[in-house]
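> Provide a 3D model corresponding to the input given below.
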Amino acid sequence: MTLASRIALTPAAARLLCQLRAEHGPLMFHQSGGCCDGSSPMCFPAGEFRTGSSDVLLASLDVDGVAEPIGFWMSADQFERWHHTHLTVDVVPGRGGGFSLEAPEGVRFLIRSRLLTDEERDQLDDPRRPPVGP
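Just a heads-up that it's a prediction; the model follows:
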């Protein structure tokens, strides 16, 4: 039986993360609930985006070719709206957020979502309470 997860990466996203890790060191994501670029996952050097009690850690993503897990954070308010979804991080051509590390590459990270299945929801410890930031 495969354990449920909240987040997955497409192969293209994983390849880009390997490239960004080689150029910038350890990485992290933050997904806010804003509009426009604020609703895209933003990739930063680990620790550059300060997380706090208003953020939750959805996953520590293991990526082949990247030495350490990549934390994926989301604002708690956004998580309350999205707690029933599975997110897939993908990459598409175009300009994303100016502060996200992939912007100079001419691509942007994008979230694709689907509803969690009943089985996935049952497997998650407490689907509405992932770990909170410092």
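> show me where the protein has strands.
Assignment of strands within the chain using DSSP state E yields the ranges 7-9, 27-31, 42-45, 55-61, 70-75, 85-93, 107-115.
> how about those strands in JSON lines, adding mean neighbour count?
(C-beta placed from N, C-alpha, C; glycine too.) Formatted as JSON lines, these follow (neighbours: other Cβ atoms under 10 Å):
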{"stretch": "strand 7-9", "mean neighbour count": "19"}
{"stretch": "strand 27-31", "mean neighbour count": "22"}
{"stretch": "strand 42-45", "mean neighbour count": "22"}
{"stretch": "strand 55-61", "mean neighbour count": "20"}
{"stretch": "strand 70-75", "mean neighbour count": "24"}
{"stretch": "strand 85-93", "mean neighbour count": "17"}
{"stretch": "strand 107-115", "mean neighbour count": "16"}
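> Residue 99: which of those strands is closest?
Each of these was checked against residue 99 via Cβ to Cβ, and the shortest separation belongs to strand 42-45, namely 6.4 Å.
> Partner strands of the closest one, with direction?
With DSSP bridges as the criterion, the sheet partners recorded for strand 42-45 are strand 27-31 (antiparallel).
> Among the strands of the chain, which comes closest to residue 123?
strand 85-93 (11.6 Å).
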